[in-house]
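Student: All I have is the shape, not the residue letters:
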């Protein structure tokens, strides 16, 4: 679920994010999309879980406060529910680490 907005921005898959086409390389939107796709894939595998989850938690905090919070105070009214939830879920994963079936566990970390 976390990777879908990134694939929509970068590859228009499963559908296009907006009418403007993919974001310009190294723009804030492009960096966010790359973090969502690449970081989401790393978390799915359980590889480098703690640092990646910490980075993605920060990305979601920026997304919430920069794009959603100016539209209203509460997440239910400003459309930032997913960004807020992902922020705290990734913060939890950065503290808890990956599970026993992760690549990190196989590597002995």
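Tutor: Structure received. Model, not experiment: these values are computed from the prediction.
Student: could you pull out the helices for this protein?
Tutor: Using DSSP state H, the helices of the chain run over 3-11, 28-34, 40-45, 49-63, 75-78, 81-96, 103-107.
Student: buried sites along the third one?
Tutor: Think helix 40-45. 40, 42, 43 (16 or more other C-beta atoms under 10 Å). Yep, even glycine has a C-beta here, placed from its N, CA and C like the rest.
Student: In contact with the last one, which residues?
Tutor: For residue 43, the set of contacting residues under the criterion of C-beta atoms under 8 Å, 6 or more residues apart in numbering consists of 2, 49, 52, 53, 56, 90, 93.
Student: got a markdown table for the helices of the chain, with distance to residue 21 and mean pLDDT too?
Tutor: Output for the helices of the chain, formatted as a markdown table (distance: least, C-beta to C-beta, whole Å; pLDDT from 0 to 100):
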| stretch | distance to residue 21 | mean pLDDT |
| --- | --- | --- |
| helix 3-11 | 10 | 93 |
| helix 28-34 | 11 | 95 |
| helix 40-45 | 22 | 97 |
| helix 49-63 | 20 | 98 |
| helix 75-78 | 26 | 94 |
| helix 81-96 | 23 | 98 |
| helix 103-107 | 34 | 94 |
